[in-house]
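Q: dropping a prediction and its sequence here:
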Amino acid sequence: MIKDIIKTLQEKMNKSKAVLNSDLSTMKAGRANPTMLDRIQVDYYGSLCPLAQVANVSAPEPRILMITPWEKSLLKEIEKAILKSDLGINPSNDGTVIRLVVPELTEETRKNLVKNVKKTGEDTKVAMRAIRRDANDKLKALKKDGEISEDELKKAEEDVQKITDNFVKEVDSIVAAKEKEVLAI
């Protein structure tokens with residue numbers, strides 16, 4: 001029972017950490033990174049598909065992304081999807097590939113990006129605290145039902161807190177690494 005609760009806690013916290021990594025990887029940091037385009041959906045014969053499923057995305061230079069569609073007819077649709085996105089980058093279409101030049105970040109843009117990174121990290125920590133609260137509530141319910149003793153409850157709550165603390169430290173280090181990446185010139 002206690003092991004199941006703790007296992008579920010760890011799985012949920014790992015998922016929260018994975019979501020944080022995914023969210024941070026799509027934030028632009030002044031360098032071209034193919035994951036920046038992960039959220040872009042392209043209209044492919046009437047249905048929306050992730051860009052990676054209809055084209056090859058590469059970064060031939062530090063500030064340039066090159067998109068090579070599997071079918072030339074998709075160039076216009078990919079261009080439309082990029083313009084509709086929140087990237088703020090104008091695509092350059094030469095008839096065979098689309099190039100995106102990632103602009104240098106201004107000081108103000110960097111500061112705003114760092115704020116967003118910190119907010120995303122804080123949101124993840126809030127989610128982890130909610131997961132901890134759920135686990136503790138389940139443990140208390142076991143104690144109330146007489147399935148575990150007071151000592152077992154205290155020990156399990158301490159374990160839950162240690163696990164939560166470790167995940168929060170990991171989130172802090174992920175956020176710090178992204179901040180450093182954003183502020184690097």
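A: Received the coordinates, thanks.

Q: what's whatever helix or strand A177 lives in packed up against?
A: Element membership of A177 [criterion: DSSP states H and E] is helix 150-183. For helix 150-183, the packing partners by 3 or more CB pairs under 8 Å, 6 or more residues apart in numbering; DSSP states H and E come out as helix 2-25, helix 107-144. No exception for glycine: its C-beta is placed from N, CA and C like everyone else's.

Q: which among these is found nearest to P34?
A: With CB to CB as the criterion, P34 lies closest to helix 2-25 of the helices and strands packed on helix 150-183, at 9.6 Å.

Q: and the closest one with helix 150-183, angle?
A: 10 degrees (axes from the mean of the first three to the mean of the last three CA atoms, to 10 degrees).

Q: ok, residues contacting helix 2-25?
A: Applying CB atoms under 8 Å, 6 or more residues apart in numbering, the external contacts of helix 2-25 come out as 33, 35-36, 38, 117, 120-121, 124, 127-128, 131-132, 134-135, 138-139, 142, 148, 152, 156, 159-160, 163-164, 167, 170-171, 174-175, 178.

Q: where does the protein have low pLDDT?
A: 28-30, 185 (pLDDT under 70).
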